[in-house]
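Chemist: Sequence and predicted structure are below.
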Amino acid sequence: MILQPTKRLWNLLKKYNSVLKQIYLYAFFIGIINLTLPVGIQAIINSLQTGELTSTWIVLVGFVLVGMALTGILQIFQLRLVENIQQDIFARSAFEFAFRFPRIAFLQLDKVHAPELVNRFFDTLTIQKGLPKILIDFSMAIFQIFFGLILLTIYSSYFIILGFILAVIIWIIYKITGRKGLDTSLQESKYKYKIAHWLEEIARTNATFKIFNKNKLHLDKTDDIVSSYLECRQSHFRVLLQQFWLFIGFKLTVAASLLILGGILVFQEKINLGQFVAAEIIIILIINSVEKVIRVIETIYDVLTALEKIGYVSDLKLDENKGTSTINNSTGLSVKARNISLSFPGEDIKVLNNISFDIAANEKVVLYGTSGSGKTILTKLISGLFNATEGELLIDNVPISHYKRDDYFSSIGVGLPTNQLFEGSIRDNILMGQNLPDEALDKTLRFLHLDEFLRRQSYGIDSIIDSGGRRLPRGVIQKIQIARILIHKPRLLLLEEPLQFIEEDEKIRIIDYLTSKEFNCTVLVVSDFNYWKEKCERIIDLNQIGQ
Ligand SMILES: Nc1ncnc2c1ncn2[C@@H]1O[C@H](COP(=O)(O)OP(=O)(O)OP(=O)(O)O)[C@@H](O)[C@H]1O
């Protein structure tokens, strides 16, 4: 379900309902207590007009100062409460991203670059920074205007009509420009992310842009995106400017009407000089509050836009984890494909067309096919990353969708051709949080001859590697990924060119083990290395089983 940005803001604020009530209660009292200033000063002027410095005068001065101190204290309370909300929003957002990314349904990310989506996390800070302005400044300003007008009506009922007219003018300004401001802000933000993504692409492939620097493609494309960004920013600024003009007009109307009305009332002797000065102070308070409201509007747009951007990630569907069947973990899993076809969302072409085959439990099979025949897609399909559009995939004679996803994932081992190492210790990269006795880990490390490599590292298995294992030999990267898979004792192993960069004699030793009867696991491997074909029991040729 796609939510409106304002609805998103509402949903966010709802989570902090009780804290918000306190913040508004404080704003309410601040609004009232602030009136001690005009009322106190009115009384001070009246007392001074008697021509003597009496004790009443001292009490009145005290009254005004206590009022000021109280509003200050209440504002500090408000700041504390908003700070709690800000901290909470940051933590929630971080966990929401960390929780969702591994669970987002694979095809939801088919046409987007997942790391780029993470840039949206930084909009959490926009929300964080915007909240004090929206919750404190905005609410206080509104209460101030409200109570100011009420107090003015005590001086004269004409001020009620004035207050009403002003409220209508604000509503009209909001109606005319509100939506437009949000739309232009969203457009501006779209290009903001586009430029960040493009800069990340340049950084990722920096060696390419260093060598092919002559035609300045990186600058030309940056120029295109920045120009679009500036255009959108300009349109957004035009809306803000339009609102600003309207509000300046509004402010002048407020000032003129209130001042003129106040003056007339003094001349008609309906209010005295003290009341007039008090009314003027209230008018200044109201005008300042209107100014604050104007300034908060840009922040409101920023926060709504940020919520919309983050909302895109929270709207992405997660994997369903509803199955009830349990996996038999005592032996390898059998795989049966029955007339499987697959086309990607929004595309007519079938990348897999009517595929059927059987792989028995513990069988070791090579998946063969020409480039583009669908080997990777089929491997991903069997690994449960997404579902076939037609046909049925049975794992141990049970449709794959009947298994709880998490159970299924913990029973398989998948070696994708993409590098799946993350920044962290080698231990974390292998164990992925699993608690395993050191002996079991050592055995796997020795088998893969990773122990020799680790002995040369300053911190052994606790050495930290870069994202993607950037500074590691490619053979070591592959060994770490294989270690990760083997340690988790899979019952179905799906591999794509898993040993490409490992030296031949080691490769042969690993293949001997993975294809042996002793390895209690079904194996499906995509590889051009002939030894796999020699050792596996069967070859499934995708060009022959599909249509
Ligand atoms: N995410 C995707 N969205 C749309 N089409 C895709 C997607 N991934 C792959 N394809 C298409 O599916 C077809 C099969 O791709 P796949 O990567 O499985 O081929 P392959 O047999 O593994 O090729 P190679 O051996 O060259 O890696 C190709 O035509 C490819 O363009």
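Modeler: Now that the structure is in, tell me what you want to look at. Numbering: from 1, shown residues only.

Chemist: what's the helix or strand for the closest residue in space to Leu48 that isn't next to it in sequence?
Modeler: Leaving aside its chain neighbours, Leu48 sits nearest to Trp57 (6.9 Å; criterion: Cβ to Cβ, 6 or more residues apart in numbering). The way it works is simple: take the backbone N, C-alpha and C, and place the C-beta from them, glycine included. Per DSSP states H and E, Trp57 falls inside helix 55-100.

Chemist: ok, then the element right after that helix?
Modeler: helix 114-117.

Chemist: Those residues of the protein touching the ligand, which are they?
Modeler: By Cβ under 6 Å from any ligand atom, the residues of the chain that approach the ligand are 110, 344, 351, 369, 371-377.

Chemist: report the angle between the axes of the lowest-mean-pLDDT helix or strand in the chain and helix 55-100?
Modeler: In the chain, no helix or strand scores lower on mean pLDDT, DSSP states H and E than helix 36-48, which sits at a mean of 75. For helix 36-48 against helix 55-100, the angle by axes from the mean of the first three to the mean of the last three Cα atoms, to 10 degrees is 170 degrees.

Chemist: residues in contact with helix 36-48?
Modeler: Helix 36-48 has contacts (Cβ atoms under 8 Å, 6 or more residues apart in numbering) with 54, 56-57, 60-61, 63-64, 66-68, 151, 272-275, 277-279, 281-282, 285.

Chemist: buried subset of those?
Modeler: Buried positions within the contacts of helix 36-48, assessed by neighbour count (16 or more other Cβ atoms under 10 Å), are 60, 64, 67, 151, 272, 274-275, 277-279, 281-282, 285.

Chemist: quick one, strands of the stretch 351-500 of the chain?
Modeler: 352-359, 364-368, 390-395, 398-399, 412-415, 424-425, 464-465, 492-496 (DSSP state E, counting those that start in this stretch).

Chemist: want to throw those strands into a markdown table with mean pLDDT and distance to Ser334?
Modeler: As requested, the strands of the stretch 351-500 of the chain are arranged in a markdown table below (pLDDT from 0 to 100; distance: least, Cβ to Cβ, whole Å):
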| stretch | mean pLDDT | distance to Ser334 |
| --- | --- | --- |
| strand 352-359 | 91 | 6 |
| strand 364-368 | 94 | 11 |
| strand 390-395 | 94 | 7 |
| strand 398-399 | 93 | 10 |
| strand 412-415 | 92 | 13 |
| strand 424-425 | 94 | 35 |
| strand 464-465 | 94 | 36 |
| strand 492-496 | 95 | 9 |
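
Chemist: quick revisit: which neighbouring elements make contact with the helix holding Trp57?
Modeler: Under the contact definition 3 or more Cβ pairs under 8 Å, 6 or more residues apart in numbering; DSSP states H and E, helix 55-100 sits against helix 17-33, helix 36-48, helix 123-132, helix 273-315.

Chemist: Quick one: residues contacting the closest residue to Asn328 other than its chain neighbours.
Modeler: Spatially, and ignoring its direct neighbours in sequence, Asn328 is nearest to Asp396 (5.9 Å; Cβ to Cβ, 6+ apart). Neighbouring residues of Asp396 by Cβ under 8 Å, 6+ apart: 327-328, 333-334, 361.

Chemist: can you map out the strands along the stretch 201-350 of the chain?
Modeler: 335-342.

Chemist: Give me the neighbour count for Ser227.
Modeler: As a burial measure, Ser227 scores 11 neighbours (other Cβ atoms under 10 Å).

Chemist: And the longest helix seen in the chain, what does it pack against?
Modeler: Criterion DSSP state H: the longest helix present in the chain is helix 217-267. Helix 217-267 is packed against helix 158-204, helix 273-315, with contacts defined by 3+ Cβ pairs under 8 Å, 6+ apart.

Chemist: In TSV: those, plus mean pLDDT.
Modeler: Formatted as TSV, the helices and strands packed on helix 217-267 follow (pLDDT from 0 to 100):
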stretch	mean pLDDT
helix 158-204	84
helix 273-315	83
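
Chemist: what's the most buried one of these?
Modeler: Stretch with highest mean neighbour count among these: helix 273-315 (a mean of 20; mean count of other Cβ atoms under 10 Å).

Chemist: Wait, Lys317 touches Gln108, no?
Modeler: Yes - using Cβ atoms under 8 Å, Lys317 makes contact with Gln108 at a distance of 5.6 Å.

Chemist: So which of the two has more stuff around it?
Modeler: Counted by other Cβ under 10 Å, Lys317 and Gln108 do not tie: Gln108 has more neighbours, with 16 against 10.

Chemist: in terms of contact, does the more buried one touch Asp315 like I think?
Modeler: No - look at Gln108 against Asp315 with Cβ under 8 Å: they stay out of range, at 9.3 Å.

Chemist: which residue packs closest to the closest residue to the ligand within the stretch 201-350 of the chain, ignoring adjacent ones?
Modeler: Residue of the stretch 201-350 of the chain nearest the ligand, by Cβ to the nearest ligand atom: Phe344 (3.9 Å). Excluding the flanking residues, the one nearest Phe344 by Cβ to Cβ, 6+ apart is Asp110, at 6.1 Å.

Chemist: what's the neighbour count on the one you found?
Modeler: Neighbours around Asp110, by other Cβ under 10 Å: 12.

Chemist: Give the rounded mean pLDDT of the helix holding Trp57.
Modeler: Mean pLDDT, helix 55-100: 87.

Chemist: just how off-centre is that helix within its chain?
Modeler: Distance, stretch centre to chain centre, for helix 55-100: 27 Å (Cα atoms, centre = their mean, to the nearest Å).

Chemist: Equivalent analysis for stretch 313-322, please.
Modeler: The answer for stretch 313-322 is 14 Å, by Cα atoms, centre = their mean.

Chemist: repeat for stretch 214-231
Modeler: 26 Å.

Chemist: wait, doesn't Val303 sit right on Trp10?
Modeler: No - using Cβ under 8 Å, Val303 is not in contact with Trp10, being 11.9 Å away.

Chemist: and the strands of the stretch 351-500 of the chain as CSV, adding distance to Val226 and mean neighbour count?
Modeler: Listed next are these as CSV, based on distance: least, Cβ to Cβ, whole Å; neighbours: other Cβ atoms under 10 Å:
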stretch, distance to Val226, mean neighbour count
strand 352-359, 42, 18
strand 364-368, 46, 22
strand 390-395, 45, 18
strand 398-399, 51, 16
strand 412-415, 40, 22
strand 424-425, 35, 14
strand 464-465, 35, 18
strand 492-496, 39, 23
